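# When you get a sec, could you give me coordinates for this:
(one chain, ligands or ions: 1)
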Amino acid sequence: MANTPTTPVYDYLCIDQYLTDFMDVQLLKSAFENGLIDLLQSRPHNLAELQSALHTDSVGLRFMLDLLGHNGVILNNGETVCLTQEFEHALQYRSLMEVKIEFANFLAPDVMQSMSAFIRDEREFMANSRLFELFDYQRALESTPENYQFTQRWVSLTTALTQHEAQVCLDHHDFSSYQQLMDIGGNSGEFVSQICRANPNLQATVIDLPVVCEVGNNHLKGRSEASRIQFQPANALEDKLPTNQDIVTFKSILHDWPEPGSQRFLSQAHSSLKPGGKVLIFERAPINLATAYKHGNLAFGNLPTFLFFRSYRPASIYVNQLQDLGFTDINIELIPLETDFYLITASKG
Ligand SMILES: C[S@@+](CC[C@H](N)C(=O)[O-])C[C@H]1O[C@@H](n2cnc3c(N)ncnc32)[C@H](O)[C@@H]1O
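Numbers count the residues shown, from 1 in each chain. This next block holds a predicted model:
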């Protein structure tokens, strides 16, 4: 059942080749903003048409077109300019490209100003970093218009990534035998929504912090599977969670916490599962440069992911935690995406 990384589920990874170099990314951002990409998507244009539509001088236009040409976005034969076929294909993932650009640019000052601190001591880095300001979970506890807006911003990043990663997980795990699923740290509900859409008999609960649940309820509005998905605001480290679950999932949450936190989350999953129920962990593995350097460089567009490099753990740590809790039948699968992921499943004995 497992696919190789050339099948459609992995197709979204094609965008990284356009998001590798800093300057290329800035030119692509401008081309989205000033309407060049929309113009060329409608039809090829000549240089005079572009200069007039974009209100630019000829030197500025040439600079932009040269860099976009170098980045494989456009073809320019000196008369007419059009999108490359490959970029036209990648445009189906335009919103993911734009979100990745937005967040990489937002976090770039952290790298430019504080890389030495980051390498030396994460806590010193955190004190001044935009990364940890961006993911401020304290602001997801109390519902106010400001906290909603703040939380919605970072949820748009996790949701854009999960929109595609969920399909990869579905491709590697068969959910059809389950009736009740709980996703801890389930965020906007995007992960669960896709699993429920593919499995019409499944009911699901998303556990997350109160403001995230509010954002999630709005995110799923209008989707046919939304009636089978309940958001339950809770602190999943401390609160009693629903029981009688066939499967409890953790997607990209365990790395957020020191090991006692991830052990606590897994213990909560154990209490919530029926005997014989499954736990599923879908997490990034420690960054492997052989995968991450696919396009010749660490893609600038993946900066938000790279900045968490200290947090991604080897699977063996989760395996030990699962064994300590009495889980059996532990299975690990490595899945190379823009950085490696693994899928760990285990049964409650
Ligand atoms: C890195 S995000 C991953 C979100 C989602 N699973 C995904 O992959 O898109 C971690 C999520 O865990 C949630 N979270 C953090 N601490 C939590 C807690 N104590 N109880 C419940 N949810 C928590 C956050 O609000 C956030 O939605």
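
# Need phi/psi at the residue in the stretch 51-200 of the chain that the ligand sits nearest to.
Residue of the stretch 51-200 of the chain nearest the ligand, by C-beta to the nearest ligand atom: G185 (2.8 Å). C-beta here means a position set from N, CA and C on the backbone, and glycine is covered the same way. When read as degrees, to the nearest 10, the backbone of G185 gives phi 70, psi 40.

# Name all residues that make contact with it.
By C-beta atoms under 8 Å, 6 or more residues apart in numbering, the residues touching G185 are I207, D208, A236, F250, K251, S252, I253, D256, F265.

# same question, M182
A204, T205, V206, I207, L241, P242, Q245, I247, V248, T249, A269, S272.

# Return the set of residues that bridge with it.
T205, V248 (DSSP bridges).

# follow-up on the earlier one: can you tell me how far the residue of the stretch 51-200 of the chain closest to the ligand sits from N34?
38 Å (C-beta to C-beta, to the nearest Å).

# Pull up the distance across stretch 28-42, start to finish.
Its start and end residues considered, stretch 28-42 measures 17 Å (C-alpha to C-alpha, to the nearest Å).

# And the contacts of that stretch?
Contacts to stretch 28-42, defined as C-beta under 8 Å, 6+ apart, come from residues 18-19, 45, 50, 53-54, 56, 64, 68, 71, 73-74, 81-83, 88, 91, 94, 97-98, 101, 105.

# Okay, and which of the residues you listed map to strands?
Among these, the ones falling in strands (DSSP state E) are H45, I74, V81, C82, L83.

# would JSON lines of the residues you listed with distance to the ligand be doable?
Shown next, in JSON lines, are the ones in strands among the contacts of stretch 28-42 (distance: C-beta to the nearest ligand atom, whole Å):
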{"residue": "H45", "distance to the ligand": "38"}
{"residue": "I74", "distance to the ligand": "33"}
{"residue": "V81", "distance to the ligand": "37"}
{"residue": "C82", "distance to the ligand": "36"}
{"residue": "L83", "distance to the ligand": "30"}
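
# so R284 sits right up against H255, yeah?
Yes. With contact defined as C-beta atoms under 8 Å, R284 reaches H255; the gap is 6.6 Å.

# Name the residues contacting each of these two.
F308, Y312.

# So which of the contacts of M182 is the closest to T7?
T249 (22.4 Å; C-beta to C-beta).

# Could you pull up the residues touching the closest one?
Counted by C-beta under 8 Å, 6+ apart, T249 has contacts L181, M182, D183, I184, G186, F191, V192, V279, L280, I281, F282.

# hmm, which of the contacts of M182 are the buried ones?
Neighbour-count burial (16 or more other C-beta atoms under 10 Å) is assigned, among those, to A204, T205, V206, I207, L241, Q245, I247, V248, T249, A269, S272.

# As CSV, those with distance to the ligand and pLDDT would be great.
As requested, these are exported to CSV (distance: C-beta to the nearest ligand atom, whole Å; pLDDT from 0 to 100):
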residue, distance to the ligand, pLDDT
A204, 13, 98
T205, 12, 98
V206, 9, 98
I207, 6, 98
L241, 9, 98
Q245, 15, 98
I247, 15, 98
V248, 12, 98
T249, 8, 98
A269, 12, 98
S272, 13, 98
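
# so how far is the ligand from the closest residue to K274 other than its chain neighbours?
Spatial nearest neighbour of K274, chain neighbours left out: N244 (5.7 Å); criterion: C-beta to C-beta, 6 or more residues apart in numbering. Counting by C-beta to the nearest ligand atom, to the nearest Å, the gap from N244 to the ligand is 19 Å.

# I'd like to check which residues are in contact with N244.
By C-beta under 8 Å, 6+ apart, the neighbours of N244 are Q180, S272, K274.

# from memory the second one sits against D246, does it?
Spelled out, that is S272. No. S272 lies out of contact with D246 (C-beta under 8 Å); the separation is 10.2 Å.

# show me where pLDDT drops low in the protein?
Regions of the chain meeting the criterion pLDDT under 70 cover residues 1-6, 295-296.

# How is it partitioned into domains?
8-94, 161-348 (automatic domain parsing).

# can those domains go into a markdown table with extra columns for distance to F135?
Converted to a markdown table, those look like this (distance: least, C-beta to C-beta, whole Å):
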| stretch | distance to F135 |
| --- | --- |
| domain 8-94 | 21 |
| domain 161-348 | 8 |
